[in-house]
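Student: build the 3D model from these lines:
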Amino acid sequence: MKSLKNTPVLVTGATGFVGSRLSELLATQEEAQVTGIGRNLDRVSYLKNIGVELQTADILDEEALKNVVKGKEIVFHTAAALVPDLALAQKVNVHATENLVRLAAEAGVSRFVHVSTVGAYDLSNLTRVEESTPLALTHSSVYPKTKAEAEKRAIETAAAYRMELSIVRPTMIYGPGHGVWSEGMFSAILQGKPVLFGNGSGNFHPVYLDDVVEGIILCGIHPQAAGEAFNLSNGLTTWKEFMSNYANLSGKKLKSIPLLLARLLAFANKIPGIKTPIDPGFIEMATSKKDFPNTKAAKLIGWIPQVSFEEGMKKTQEWLRKEML
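Tutor: Numbers count the residues shown, from 1 in each chain. Next up is the predicted model:
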């Protein structure tokens with residue numbers, strides 16, 4: 001496999017949960033020449049101390065993107081918008097991704113690694129969801145729909161320019177830091193907000209942050225990652241069991257919304273003038289019995305998660321106790 005030592009790489013979303021850790025490990029573990037872009041760079045100023053060059057760049061600014069891809073060999077695209085606003089999500093998740101793939105190809109980038117999500121799959125009537133599963137291009141929820149469309153545009157654009165593209169589709173990423181499934185869920189529990197639908201027996205698919213980052217890096221350097229997409233997952237638990245770890249740490253009781261009520265609230269969003277925080281895509285994930293096997297990643301690029309759920313949750317709780325309690 002290719003060494004990344006002294007290789008110029010770009011990380012978009014370097015201020016985010018995944019992007020910041022990816023930037024850190026690329027610089028320290030792989031000894032790459034890392035440029036990270038984002039909008040709130042003060043949040044990750046520590047990256048400067050390990051040699052990461054941080055640049056303020058709006059993912060929607062084509063001229064800024066054109067400048068930062070110059071001279072890069074690999075682009076790791078982690079930036080995304082997890083928002084209910086369809087117009088904004090289209091701009092950030094779809095159009096910006098397509099532009100970045102095109103600009104990277106025009107600049108001579110050899111490989112583009114796009115970080116997607118298992119939510120981009122069309123999960124209808126499936127229990128085992130492999131990488132050949134069609135994308136959810138007509139999903140009723142904003143995030144799955146736009147992430148699926150982003151993949152489609154990225155694949156088409158990379159093919160047109162004959163640039164190597166690899167896609168990673170992680171499950172629920174948790175670990176120390178400002179992630180949805182770490183800080184986000186713990187904060188909700190601290191505030192007494194419901195984090196379960198019904199009895200919380202749906203499948204939860206935790207995968208530790210560092211394992212995901214290792215998978216992303218492998219997709220940047222492994223010959224067999226080119227032109228492929230990979231599930232990154234690590235076992236199963238339930239929503240209730242996962243969230244109970246946070247509840248025990250916080251001393252709070254888990255709260256849930258009856259499933260019928262949740263579905264009614266999600267449906268109400270279709271009525272003009274009504275906005276509820278309940279998303280049908282979130283309900284789908286939280287109540288399903290899906291499985292996202294990582295067999296392909298293990299076979300093709302040798303990705304095998306190293307952090308057990310017990311070890312990962314211990315590290316996550318230590319961070320939450322220090323930072324939020």
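
Student: what's the spacing between stretch 276-295 and its chain's center?
Tutor: A distance of 14 Å separates the centroid of the chain from that of stretch 276-295, by C-alpha atoms, centre = their mean, to the nearest Å.

Student: hang on, Gly302 packs against Ile217?
Tutor: No - between Gly302 and Ile217 there is no contact under C-beta atoms under 8 Å: 11.8 Å. Every C-beta, even on glycine, is put in place using the N, C-alpha and C of the backbone.

Student: more neighbours: the two, which one.
Tutor: Ile217 (22 against 11; other C-beta atoms under 10 Å).

Student: that one: which element?
Tutor: Using DSSP states H and E, Ile217 falls within helix 209-221.

Student: the stretch 201-325 of the chain: strands as residue ranges?
Tutor: Under the criterion DSSP state E, counting those that start in this stretch, the stretch 201-325 of the chain contains strands at 203-204, 206-208, 229-232, 237-238, 256-257.

Student: got CSV for the ones you listed, with distance to Trp181 and mean neighbour count too?
Tutor: Output for those, formatted as CSV (distance: least, C-beta to C-beta, whole Å; neighbours: other C-beta atoms under 10 Å):
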stretch, distance to Trp181, mean neighbour count
strand 203-204, 9, 20
strand 206-208, 7, 24
strand 229-232, 14, 25
strand 237-238, 12, 16
strand 256-257, 17, 18
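
Student: could you dump those into CSV with distance to Ala14 and mean pLDDT added?
Tutor: Output for the strands of the stretch 201-325 of the chain, formatted as CSV (distance: least, C-beta to C-beta, whole Å; pLDDT from 0 to 100):
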stretch, distance to Ala14, mean pLDDT
strand 203-204, 28, 96
strand 206-208, 20, 98
strand 229-232, 19, 98
strand 237-238, 30, 96
strand 256-257, 35, 93
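
Student: CSV for those, including distance to Gly175?
Tutor: Listed next are those as CSV, based on distance: least, C-beta to C-beta, whole Å:
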stretch, distance to Gly175
strand 203-204, 15
strand 206-208, 5
strand 229-232, 13
strand 237-238, 15
strand 256-257, 25
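
Student: nearest to Tyr46, of these?
Tutor: Smallest distance to Tyr46 across the strands of the stretch 201-325 of the chain (C-beta to C-beta): 20.6 Å, for strand 206-208.

Student: quick one: list the elements packing against that closest one.
Tutor: Counting contacts by 3 or more C-beta pairs under 8 Å, 6 or more residues apart in numbering; DSSP states H and E, strand 206-208 packs against strand 172-174, helix 309-324.

Student: and the closest residue to Ala158 other than its chain neighbours, helix, strand or coil?
Tutor: Using C-beta to C-beta, 6 or more residues apart in numbering and skipping residues adjacent in sequence, the residue nearest Ala158 is Leu165, 3.7 Å away. Here Leu165 is recorded as strand under DSSP: H, G, I helix; E, B strand; the rest coil.
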